[in-house]
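Colleague: build me a structure from this.
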Amino acid sequence: MNQNQKNNKPDGRVMAMQSQGLFGEINIPGDKSISHRCVILSSLAVGESKITGILNSSDISCTINAMRSLGSDIHLQPDMCTINGIGIGSLAEPEKPLDFGNSGTAARLIMGLVTSHPISSVFIGDESLSKRPMRRVVDPLLGFGAEFDLRDSEFLPVTIKGSNLPIPISYDMPIPSAQVKSAILFAGLNTPGVTSIFEKQKTRDHTEKLLDFYGYNVDIKESAEGTKISIVGQQELRPVNINIPGDPSSAAYPAIAGLVCKNSNVTIKNVLDNPTRDGLYKSLIEMGANIEFLNERSNAGEKVHDILVKSSSLKAIEICAKRAPSMIDDYPALAVAASVAEGISIFRGLSELRVKESDRLAGIKYFLEINGVEASISNDDLIIKGNPSGIKGGGLVKTSLDHRIAMSSLILGLVSDNPVYIDDSETINTSFPGFIDLMNKLGARLEILELDSDS
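Modeller: Below is the predicted model:
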């Protein structure tokens, strides 16, 4: 390559090129939602817990570092995380601000945890997290008697003064949010009396399942109107040995790559199978995807299975807003499938995507359009015109610290006529360390670019 060619090359950090014949069996990283919660609950258990399969990512590191600062003894090795818990009610006051990086889950869950402890703490985050709304979590937590000082009444940094005498609350969820629900339950752990939550629309239930797995009594009552979850505070959590299954949202990327790349046959092993997380796979099947679920089994209170995908001709889909909570993290990846599907797809009710790592709804439209896919937004609905004959590609996607936009853009590049570039590979480590190597192992053509020193 001569110097002029080199200078004309886009300065993205990763390039994705058209690929065919993806093939093989892979294991994906452990589920991010469960990893966060296992670190927190093991830190509150009385005794030693051993966790295998934990997601070794920057997001989980934020949770680990925060729980260490709050007094937990955590040893992280390549194949196991060992945690010596300190018991409910024994959190130490941190000596310095708790830095949550880009992890909204870690910040919101631990915000709930410190609410019912008589300690003061300061929560900080990176530029992206500092723009994400926290009021939705703070409002119910105020009922426990804690004090919060938010920047502009909404954002990090926040100073929290936990309650000396926490008061249990009963809270009706105005919007479906597993993070808000979990924050309230974690606050209820050190609150005497009954803390209750009512949700009209079911959200991820990992916190409830894990509390039960750690021996904590959770009362769940389901009715036609919704679900009521109640706990009695100041019980004891027992230590556990747990193997965390693979993350179904991370599995979405190799799964969709296997569906859209010609002559592909990919098996993803040991993937979490939870009905509050399966909206993506239901949607793909409705689009005509060739997917099989194999070797179903149980693991730590959750079901797991292997997923086999083969190249498929997809058709457009209309997804109702009611399905959104079961696949809220998966719309960027599904947008890639819709881009090569026959017809016009409509994803409805995506307001929650506006308050992710970026305005993810706008981010999806942006990474599609910059690569020649017709996409538009109407209120909170995303509309994508598919093109089964091929995607133009050629765009350099600014990821805005959003790992899901980054990975989805690269998957789009695998079916584009021209390479697709992203400006930042580091953000992928938020949820999927080793993503590029794993995809290349299957036969994808992803290349990390070395930038000129003066670029």
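Colleague: who's in contact with the nearest residue to residue 443 once chain neighbours are set aside?
Modeller: Using CB to CB, 6 or more residues apart in numbering and skipping residues adjacent in sequence, the residue nearest residue 443 is residue 22, 4.7 Å away. Any C-beta I mention is one placed from the backbone N, CA and C, and that applies to glycine too. Going by CB atoms under 8 Å, 6 or more residues apart in numbering, residue 22 touches 254, 257, 258, 261, 264, 265, 266, 442, 443, 444.
Colleague: tell me which of the residues you listed is nearest to residue 278?
Modeller: Proximity of the contacts of residue 22 to residue 278, judged by CB to CB, is greatest for residue 254, which lies at 16.9 Å.
Colleague: dump the strand or helix carrying the closest one to PDB, restricted to CA.
Modeller: Assessed by DSSP states H and E, residue 254 sits inside helix 248-260. These are the backbone C-alpha positions of helix 248-260, laid out as PDB (Å, rounded to 0.1, in the frame of the first residue of the first chain):
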ATOM      1  CA  PRO A 248     -28.100 -14.100  25.300                       C
ATOM      2  CA  SER A 249     -27.600 -10.500  24.300                       C
ATOM      3  CA  SER A 250     -23.900 -11.200  23.500                       C
ATOM      4  CA  ALA A 251     -25.000 -14.300  21.700                       C
ATOM      5  CA  ALA A 252     -27.100 -12.100  19.400                       C
ATOM      6  CA  TYR A 253     -24.100 -10.900  17.400                       C
ATOM      7  CA  PRO A 254     -22.700 -14.300  16.300                       C
ATOM      8  CA  ALA A 255     -26.200 -15.600  15.900                       C
ATOM      9  CA  ILE A 256     -27.300 -12.800  13.600                       C
ATOM     10  CA  ALA A 257     -24.000 -13.000  11.700                       C
ATOM     11  CA  GLY A 258     -24.700 -16.700  11.100                       C
ATOM     12  CA  LEU A 259     -28.100 -15.900   9.800                       C
ATOM     13  CA  VAL A 260     -27.200 -13.100   7.400                       C
END
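Colleague: state the mean pLDDT of it.
Modeller: Helix 248-260 shows an average pLDDT of 98 in the prediction.
Colleague: so where do the strands sit in the stretch 301-450 of the chain?
Modeller: When assigned using DSSP state E, counting those that start in this stretch, the strands of the stretch 301-450 of the chain occupy the ranges 302-310, 318-319, 344-347, 374-378, 381-385, 391-393, 396-397, 416-418, 420-422, 445-448.
Colleague: ah, wrong one, I meant the stretch 101-250 of the chain
Modeller: Secondary structure of the stretch 101-250 of the chain, counting by DSSP E, counting those that start in this stretch: strands at 120-124, 147-151, 155-161, 170-172, 194-199, 218-222, 227-232, 241-243.
Colleague: do you know which of those lies nearest residue 332?
Modeller: Taking CB to CB as the criterion, strand 155-161 is the member of the strands of the stretch 101-250 of the chain that comes nearest to residue 332, at 23.8 Å.
Colleague: can you list contacts of the closest one?
Modeller: With contacts defined as CB under 8 Å, 6+ apart, strand 155-161 is touched by 97, 100, 107, 111, 114-115, 120-125, 129-134, 138, 146-151.
Colleague: among those residues, name the buried ones.
Modeller: Buried members of the contacts of strand 155-161, scored by 16 or more other CB atoms under 10 Å, are 97, 100, 107, 111, 114-115, 121, 123-125, 129, 131-132, 134, 138, 146, 148, 150.
Colleague: just the ones in helices from the residues you listed, please.
Modeller: Within these, residues falling in helices by DSSP state H are 107, 111, 114, 115, 138.
Colleague: adding distance to residue 176 and pLDDT, write the residues you listed out as JSON lines.
Modeller: What follows is those, written out as JSON lines (distance: CB to CB, whole Å; pLDDT from 0 to 100):
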{"residue": "107", "distance to residue 176": "19", "pLDDT": "98"}
{"residue": "111", "distance to residue 176": "19", "pLDDT": "98"}
{"residue": "114", "distance to residue 176": "24", "pLDDT": "98"}
{"residue": "115", "distance to residue 176": "21", "pLDDT": "98"}
{"residue": "138", "distance to residue 176": "18", "pLDDT": "98"}
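Colleague: of those residues, which is the nearest to residue 197?
Modeller: Distance from residue 197 was checked for each of those by CB to CB. The minimum falls on residue 115, at 14.3 Å.
Colleague: where does pLDDT dip in the protein?
Modeller: Low-confidence segments of the chain (pLDDT under 70): 1-12, 451-455.
Colleague: tell me who's in contact with residue 448.
Modeller: Residue 448 sits next to 13, 14, 425, 436 when contact means CB under 8 Å, 6+ apart.
Colleague: burial check on the third one, number of neighbours?
Modeller: By the criterion of other CB atoms under 10 Å, residue 425 has 20 neighbours.
Colleague: what does the second one give?
Modeller: By the other CB under 10 Å criterion, the neighbourhood of residue 14 contains 25 residues.
Colleague: looking at strand pairing, list the partners for it.
Modeller: With DSSP bridges applied, the residues forming beta bridges to residue 14 are residue 422, residue 448.
Colleague: hang on, residue 82 in a strand?
Modeller: Yes: secondary structure of residue 82 (DSSP: H, G, I helix; E, B strand; the rest coil): part of a strand.
Colleague: run a quick neighbour tally on it.
Modeller: Burial of residue 82, expressed as a neighbour count using other CB under 10 Å, amounts to 14.
Colleague: surely it is in contact with residue 75?
Modeller: Yes: taking contacts as CB atoms under 8 Å, residue 82 lies within contact range of residue 75: 4.5 Å.
Colleague: next up, the contacts around residue 126.
Modeller: 101, 102, 401.
Colleague: how does it look with 7 Å?
Modeller: For residue 126, the contacting residues are 101, 102, taking CB atoms under 7 Å, 6 or more residues apart in numbering as the criterion.
Colleague: where's it relative to residue 272, distance?
Modeller: Counting by CB to CB, to the nearest Å, the gap from residue 126 to residue 272 is 27 Å.
Colleague: again with residue 69
Modeller: Taken as CB to CB, the spacing of residue 69 relative to residue 272 amounts to 29 Å.
Colleague: between these two, which has more neighbouring residues?
Modeller: More neighbours surround residue 272 than the other of residue 69 and residue 272, with 26 against 19 (other CB under 10 Å).
Colleague: need the three-state assignment for that one.
Modeller: Using three-state DSSP, the secondary structure recorded for residue 272 is strand.
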